[in-house]
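Asks: A predicted structure for the sequence below; I have some questions about it.
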Amino acid sequence: MLNPAAEVSLSKFMTKLLRHTPSEYGLLLDPEDGSCLLGDLLSVIHAAPKWAGITVEDICQVVRNSEKQRFAIEGERIKARYGHSHAKLTYEPGTPPPVLYHGTNQSALSAILKEGLKPMGRQYVHLSEGLHFASLAGSRRGRLVLLSVDTVRAVHLGVTFYYAGNEVWLAEPVPPACIALREEE
C-alpha cells in the first residue's frame, strides 16, 4: 500500500503518461478512448527506477483514491477520463443537465465573461455537475470563482457536450451568453 505522498506522486506520473506525453515513454494509447492495457502502463512505470516496485494494486489505489476521479479502469484497460493534451479523443455527444459548473479564479473572470469559456491548452472546456469538482479545479490558481453554465441555451447556440464520467462534462467553447457568476448562498 502506498503512503499518501507516494500516491500523489504516482498519480502525477500516471497523469503525465495517460494525459499528456505517452509517446515520450513509448506508451501507445488507443486513439478512440485513450486507454491502454494495465500491464503496458505497469511496464512503463517500472522503467522509471523510482517506480520499480509498483504493483497493479498500487495503480488501483491511485485510481480509487483520486479525488477528481481522473482515471478509469475497465477490465484489463486503464485510461484518463479527461484532460488529454496529446491527442483529441472522441467522446459520444450527450445531453447534460440544465446547469453545469466551472471553477476558475478571480483573475480570469473578466475575460471569461467577455469571451466565454475556452479550452485554454486543453482539448475541451471542463465542466461538472456539482460544485465539488468545480471547486477543486478552480481553487488551484488564486481566489476561487464559481460559474454556472446554462447548457440548454448553449446547446441552442450550437455547443456540443460530452460526458466524460463521474460528473465531468466536456464541451466545445462556451459563449459568454451562457455563463453566469454563481452567487454564494
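Replies: Cool, the structure landed. Numbers count the residues shown, from 1 in each chain.
Asks: hang on, Leu147 in a helix?
Replies: No: Leu147 is assigned strand when assessed by DSSP: H, G, I helix; E, B strand; the rest coil, not a helix.
Asks: Check which helix or strand the nearest residue to it once chain neighbours are set aside maps to.
Replies: When the adjacent residues along the chain are set aside, Leu147 lies closest to His102, with 4.6 Å between them (C-beta to C-beta, 6 or more residues apart in numbering). Yep, even glycine has a C-beta here, placed from its N, CA and C like the rest. Using DSSP states H and E, His102 maps to strand 99-105.
Asks: Could you pick out the longest helix of this protein?
Replies: helix 4-15 (DSSP state H).
Asks: Could you list the buried residues of it?
Replies: Ala6, Glu7, Leu10, Ser11, Phe13, Met14, Thr15 (16 or more other C-beta atoms under 10 Å).
Asks: For Ala72, grab phi and psi.
Replies: phi -140, psi 140 (degrees, to the nearest 10).
Asks: Now do the helix or strand of the chain with the lowest mean pLDDT: which elements does it pack against?
Replies: Sorted by mean pLDDT, DSSP states H and E, the helices and strands of the chain end with helix 131-138, the least confident at a mean of 74. Where contact means 3 or more C-beta pairs under 8 Å, 6 or more residues apart in numbering; DSSP states H and E, helix 131-138 is packed against strand 99-105, strand 125-128, strand 144-150.
Asks: Just say which of these is most tucked in.
Replies: Each of those was scored by mean neighbour count; the highest is strand 125-128, a mean of 24, by mean count of other C-beta atoms under 10 Å.
Asks: ok, the nearest residue to Leu117 once chain neighbours are set aside to Asn105 distance?
Replies: Nearest residue to Leu117, sequence neighbours excluded (C-beta to C-beta, 6+ apart): Val174, at 4.1 Å. Separation of Val174 from Asn105 (C-beta to C-beta, to the nearest Å): 17 Å.
Asks: Specify the stretch among the helices and strands packed on helix 131-138 that is closest to Ala134.
Replies: Nearest of the helices and strands packed on helix 131-138 to Ala134, taken as C-beta to C-beta: strand 99-105 at 3.8 Å.
Asks: From the chain's centroid, how far away is the helix or strand just after that closest one?
Replies: Following strand 99-105 in sequence order, the next helix or strand is helix 106-115 (DSSP H and E). What separates the centre of helix 106-115 from the centre of its chain is 21 Å, taken as C-alpha atoms, centre = their mean, to the nearest Å.
Asks: tilt between helix 106-115 and strand 99-105?
Replies: Between helix 106-115 and strand 99-105, the angle comes out at 130 degrees (axes from the mean of the first three to the mean of the last three C-alpha atoms, to 10 degrees).
Asks: Buried ones in helix 106-115, by neighbour count?
Replies: Here helix 106-115 shows Ala108, Ile112 as buried, counting by 16+ other C-beta under 10 Å.
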